[in-house]
Structure formats: C-alpha cells, structure tokens
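*Asks:* pasting the structure only:
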C-alpha cells in the first residue's frame, strides 16, 4: 500500500510540490486528478529539489497541469510534441549541465498517437525522461472523439456504434523500440505513487501508460466504473504492471560521451574552437543580423560558421533558420543574435543589420515586410543588382555577387559586416574562416579584401 504525502514527509522536507490550495480544473471523477495527486506523492517521496524537476505537458485536459505545481520548471508544448521537447531538455541537461534534472512528460492518448514517433525515438535513444501516458480512451477536450488507443467496442463521438478498429498497444510498441522501463496501470491503483517514483528515479527512458476514465464522454456512453479498467486491459490483451525493466542499456548521454565525444575527430573539432583563442568583445548592446539569400548558396552554413566565431569570442549567440519545404530551391534565411549576456528571446522583429544577397532573399524579405520595419538605426546591405525598396534604414549597395559569386556572397557579406562594425574581432573571424571554411580560402580572402578596398574608396553606394 502506498504511503500518503503526510506519512512520508519528515521534518524539514518538502511536503508538497503543489501550489497552496490547488484547484484542479478537471471534471468530477476524472482520472487526471488522481494521477496528479499520486505524482505529487512520488515527488515528495523522492525529495527532488524543485529546480531539478521539469514538467513538460501536452495539449489536452492533462495540459492544464502546469499551474498546479509551484517552483518546478514547467513547459507547455504543441500537440503531440511534448516528448520531443522533453528529449531536448534532458539531452541539454545531461550533456551541458550537471545531468541531475528529472524531466517528466504528461501526455494524453491523443497526443501520444499524434507524437508517436517522438515517443519511439526517445525510447530508442534512452534519454532520461519519464513519460506518463494518461489514456482515457478519447479526445476529452474536443468532444470525446476516438483515438488510436480507444478499445474495441468502445462508444465515442466518432464511433457511436462502438469502435471496430483494434487499438494500438503503446507499451508493446515502446518495448519493441528498446525502451528499458515500461509499465501499465490504472489511475485508481493504490500503489501508483510508488510506481511513479520508481519510473522517475530510473536512470533512462521510462514510460507508464495509465488507464483512466473520461467521466464526461467515456463513462456515460459505456457504463463504466474504475474497476472495469482492468477488464478493458484484459479484453484487449494489455498486460498490467511493470512490463519491461532492463538494466543492460546505458542512458544516451553516457554512451554519447564514451563513444562520440571521445572520438578523435569530434574532439579535434571542439579543440579547434579553443585553439583559435577566446577574446570577449565589448558589445554595449545585443546585435541582430538577418541574412537572406538563396538556397544552395551557403546562407545557413555561413551563419553557423560565424556563430562558431561568436562562441570562440565568449559571446552568447542564437541562430534561427528558415527556408521553404524544398531544400535546393527558393529562399534561405538565417537570423543571428549576438550578446554579451544571456539571450532570452530569439525572434528578430527589426534587425540591426539586414543583409540581402539574392532575388530569392529579397522576395522573402519583401513578403514578410521586413524592409518596411527598418528604421534609421537599421542598416541594409544589399547586392547592387537588386532593387532597393522604400525603407528608413541606411542603405549600402555592394558588388557582392560580381565579387564573390553566388556561393560565397552570403559568407562574404556576413564577414564584411562583422568586421566593418567591429561586432567580432577581425583576427578571430578570419581564423575561424580559415579553420572551418570548406571553399577556397585564399580566393575568399582576396575577394573580401577587394570589397573592403572598394568600401574604403567610397565605392559603396547608398
């Protein structure tokens, strides 16, 4: 029998992770409330520091959970993507921080099927994430439609005569995906908190499918009670209890360190950045650059190369890319933020520098009304063959494509602007280009020098 929160709490320990006097937003009798109470009990039993717990919630009724917990990290995601977000969080913590964060996913049966590939991939990787699949057999927030986990003969809004499609066994799929810890239980199980604690404490991927009842849609249509959840499981051939508990798989972060980071080629790439040397430039304020060009002309890889230089300089840097669904045609855009301090938001509404190297990039900037958002503090650097739209920014027309050619126009302009405005140290930028650039370095530097000389002679039109 599972002990209550009060029984497990000791003097000076955390007695609850809930906010004071939590008000549960669920329908009366909904299994979600029971799951959350048992989750709170599990956390109390583990006595995890609140700042070492990340709760990632999906769309649906279960996604209303965030506001019920205090002090722990909470992330509310798009439908079906909660496991993907959690995987990223767990990997970042395990590889870049102290690896002590426990990441927990709350997802419904609808979200689990929409994001099935994310679940499978997290299981294959064996990231340190605990996924709680709250399966009440229907899409409870949107009208009680059937999901991929709806049992046969179950009456839903989309199967009014009873479901005639066999449901997916989500636990079997995860087990077949090499998930090391998999379990299934019901929301009313008295030992649920102990099972949750065991899954959370497990060092690796753990998933528990928790069978529940949606009292608004499932119960009235199917004349169910809590005890019949076991009958539903048995009828569908679903095992109950711990279905997999392997100790032969190392977590992804452990294997990555041993088998990837320790490889000579990867280490040499990391060392190359450090060999370049670090120097922290004195940026008085964050600098934003929006680079727009054509697919296949190294727009995004050039931005990535410059980001490497920013890291070597000790700056904070973010890069956000955009391109159409196709990869080899149309526009290619990269947004860069440089800052001496932590960057909390990556969106660029009005860039400090807008760099346009091709007609594809021009069209995309025009369609997004970026030109119209420039003000007198903005600078527009644009190839001389392109029309200069009406804007308030300071305009610089350059012979980019005639000097660098299409393949190097993006990198050439980006490096030119970085050096012209002292955003990064010149010697560092040039050393990064020499270390990591995949083209003809001497050709590139010759063309860069040509562009700089023309600028010095005043041959940059405005």
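*Replies:* Noted; the coordinates are in hand. Just so we're clear, the structure is a prediction, and the values are computed from it rather than from any experiment. Residues are numbered from 1 along each chain as shown.
*Asks:* low pLDDT regions in the stretch 201-350 of the chain?
*Replies:* Scanning the stretch 201-350 of the chain for pLDDT under 70 picks out the ranges 226, 263-282.
*Asks:* how about the helices in it?
*Replies:* Applying DSSP state H, counting those that start in this stretch to the stretch 201-350 of the chain gives helices spanning 218-222, 228-235, 252-256, 264-276, 299-312.
*Asks:* Just put these in TSV and tack on mean neighbour count.
*Replies:* Bear in mind the C-beta positions are built from the backbone N, C-alpha and C, glycine included. Formatted as TSV, the helices of the stretch 201-350 of the chain follow (neighbours: other Cβ atoms under 10 Å):
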stretch	mean neighbour count
helix 218-222	18
helix 228-235	16
helix 252-256	18
helix 264-276	12
helix 299-312	22
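*Asks:* Reformat these into a markdown table and put distance to residue 176 next to each item.
*Replies:* Putting those into a markdown table (distance: least, Cβ to Cβ, whole Å) gives the following:
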| stretch | distance to residue 176 |
| --- | --- |
| helix 218-222 | 28 |
| helix 228-235 | 19 |
| helix 252-256 | 18 |
| helix 264-276 | 31 |
| helix 299-312 | 36 |
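*Asks:* Out of those, which gets nearest to residue 121?
*Replies:* helix 252-256 (10.6 Å; Cβ to Cβ).
*Asks:* how far is that closest one from where the chain is centred?
*Replies:* 19 Å (Cα atoms, centre = their mean, to the nearest Å).
*Asks:* Same question for stretch 227-241.
*Replies:* 35 Å.
*Asks:* hmm, who's touching that stretch?
*Replies:* Around stretch 227-241, the neighbours that count as contacts under Cβ atoms under 8 Å, 6 or more residues apart in numbering are 151-152, 166-167, 169, 171, 183-188, 211-213.
*Asks:* let's see 10 Å
*Replies:* Residues from elsewhere that reach stretch 227-241, judged by Cβ atoms under 10 Å, 6 or more residues apart in numbering: 31, 135-137, 149, 151-154, 166-167, 169-172, 175, 182-189, 191, 195, 209-213, 219, 222, 224.
*Asks:* and if you look at stretch 438-458?
*Replies:* 298, 301, 305, 396, 398-400, 402-405, 407-409, 411-413, 415-416, 419-420, 430, 433-435, 437, 459-460.
*Asks:* if you look at those, which of them are in strands?
*Replies:* If you go by DSSP state E, these have 396, 398 in strands.
*Asks:* Emit the ChimeraX select command for whichever of the contacts of stretch 438-458 are buried.
*Replies:* Buried residues among these (16 or more other Cβ atoms under 10 Å), as a ChimeraX selection:
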select :298,301,305,396,398,399,400,403,404,408,409,411,412,413,415,416,419,420,430,433,435,437,460
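*Asks:* Among the contacts of stretch 438-458, which are located in helices?
*Replies:* 301, 305, 400, 402-404, 407-409, 411-413, 415-416, 419-420, 430, 433-435 (DSSP state H).
*Asks:* domain parsing for this structure?
*Replies:* 5-253, 264-456 (automatic domain parsing).
*Asks:* ranking these by burial, who's on top?
*Replies:* domain 5-253 (a mean of 19; mean count of other Cβ atoms under 10 Å).
*Asks:* Next, the contact list for the one residue sitting closest to the centre of the chain, please.
*Replies:* In the chain, the centroid-proximal residue (Cα atoms, centre = their mean) is residue 85; its distance is 4.3 Å. Neighbour list for residue 85: 54, 56-58, 75-78, 103, 105, 115, 118, 129 [criterion: Cβ under 10 Å, 6+ apart].
*Asks:* Kindly report the same for residue 430.
*Replies:* 309, 415, 419, 437, 441, 444-445, 448.
*Asks:* among these, which one has the lowest pLDDT?
*Replies:* Lowest-confidence member of these: residue 437, scoring 84 (pLDDT).
*Asks:* That residue reaches residue 305, doesn't it?
*Replies:* Yes - assessed by Cβ atoms under 10 Å, residue 437 is found in contact with residue 305 at 6.7 Å.
*Asks:* what sits in contact with each of these two?
*Replies:* With Cβ under 10 Å, 6+ apart as the test, residue 437 and residue 305 both reach 298, 411, 415.
*Asks:* Out of these, which is nearest to residue 89?
*Replies:* residue 298 (31.0 Å).
*Asks:* Find the nearest non-adjacent residue to the closest one, please.
*Replies:* Spatially, and ignoring its direct neighbours in sequence, residue 298 is nearest to residue 410 (5.5 Å; Cβ to Cβ, 6 or more residues apart in numbering).
*Asks:* residues in contact with that neighbour?
*Replies:* Residue 410 makes contact with 291-294, 297-303, 332, 334, 355-358, 361, 400, 404, according to Cβ under 10 Å, 6+ apart.
*Asks:* Could you measure from it over to residue 430?
*Replies:* To residue 430, residue 410 is 17 Å away according to Cβ to Cβ, to the nearest Å.
*Asks:* cool, and residue 134?
*Replies:* 55 Å.
*Asks:* go on, residue 343?
*Replies:* Counting by Cβ to Cβ - residue 343 and residue 430 are separated by 25 Å.
*Asks:* Over to residue 436?
*Replies:* Counting by Cβ to Cβ, the gap from residue 436 to residue 430 is 12 Å.
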